[in-house]
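*Asks:* Fold the following, please.
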Amino acid sequence: MKYIQTKNSLKAAGHYSQAIVHNGLIYVSGQLPINPNTGEKINGDISQQTRRVLDNLNTILEEVGSDLQQVLKLVIYISDIDMWDTVNDICKEYFIDHKPVRTIVPTRELHFGLKIEVDCIAICE
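*Replies:* Reported below is the predicted structural model:
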């Protein structure tokens with residue numbers, strides 16, 4: 001098991017790992033829509049927040065030799081079920097032909113009042 005803290009992403013802010021590589025897979029902790037270069041929280045609409053989260057995931061994956069096309073499973077938490085269609089449409093932009101296993105979980109509130117958080121499991125060889 002190898003703990004991952006990438007250079008181009010925010011450091012874990014609690015008692016958890018940003019990601020762990022084990023047996024050819026990378027497990028990435030939940031990513032919020034926060035700009036990793038500035039620490040700025042993206043408080044825009046769900047489209048902006050979703051794109052930022054998927055970009056953040058991709059940055060972590062690429063730094064360990066993977067990418068979004070290697071994602072096996074996504075778990076997406078959204079603060080309102082009415083955002084489902086928008087999030088789904090943006091996922092189609094990032095996962096054009098690839099369709100990872102996915103769960104969208106509507107929840108009441110997310111940290112910092114943000115609208116989305118996403119974690120994933122991907123192939124990392």
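*Asks:* When you work out contacts or count neighbours from here on, use the C-alpha atoms and nothing else.
*Replies:* Fine.
*Asks:* burial measure for residue 30, as a count.
*Replies:* 19 (other Cα atoms under 10 Å).
*Asks:* now it: how far from residue 83?
*Replies:* To residue 83, residue 30 is 18 Å away according to Cα to Cα, to the nearest Å.
*Asks:* Hmm, residue 119 and residue 31 touching each other?
*Replies:* Yes. The criterion here is Cα atoms under 8 Å, and residue 31 meets it with residue 119 at 6.1 Å.
*Asks:* between these two, who's got more neighbours?
*Replies:* Using other Cα under 10 Å as the criterion, residue 31 and residue 119 rank with residue 31 on top: 22 against 19.
*Asks:* For the protein, which segments are assigned as helices?
*Replies:* 46-63, 84-94 (DSSP state H).
*Asks:* Give me the contacts around the longest one.
*Replies:* Helix 46-63 has contacts (Cα atoms under 8 Å, 6 or more residues apart in numbering) with 6, 8-9, 26, 28, 31-36, 42-43, 67-68, 83, 86-87, 90, 94, 115-119, 122.
*Asks:* Could you check how far residue 46 is from residue 116?
*Replies:* 7 Å.
*Asks:* Compare the two (neighbour count), which wins?
*Replies:* Neighbour totals were compared for residue 46 and residue 116, and residue 116 leads with 29 against 22 (other Cα under 10 Å).
*Asks:* Is it correct that the more buried one is in contact with residue 81?
*Replies:* No. Judged on Cα under 8 Å, residue 116 makes no contact with residue 81 at a distance of 11.0 Å.
*Asks:* contacting residues around residue 29?
*Replies:* 16-19, 118-120.
*Asks:* any chance of those in TSV, plus pLDDT?
*Replies:* TSV is the format used below for those (pLDDT from 0 to 100):
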residue	pLDDT
16	76
17	79
18	84
19	91
118	98
119	97
120	97
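*Asks:* Kindly give a single ChimeraX line that selects the buried subset of those.
*Replies:* ChimeraX command restricting the contacts of residue 29 to the buried ones, with burial defined by 16 or more other Cα atoms under 10 Å:
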select :18,19,118,119,120
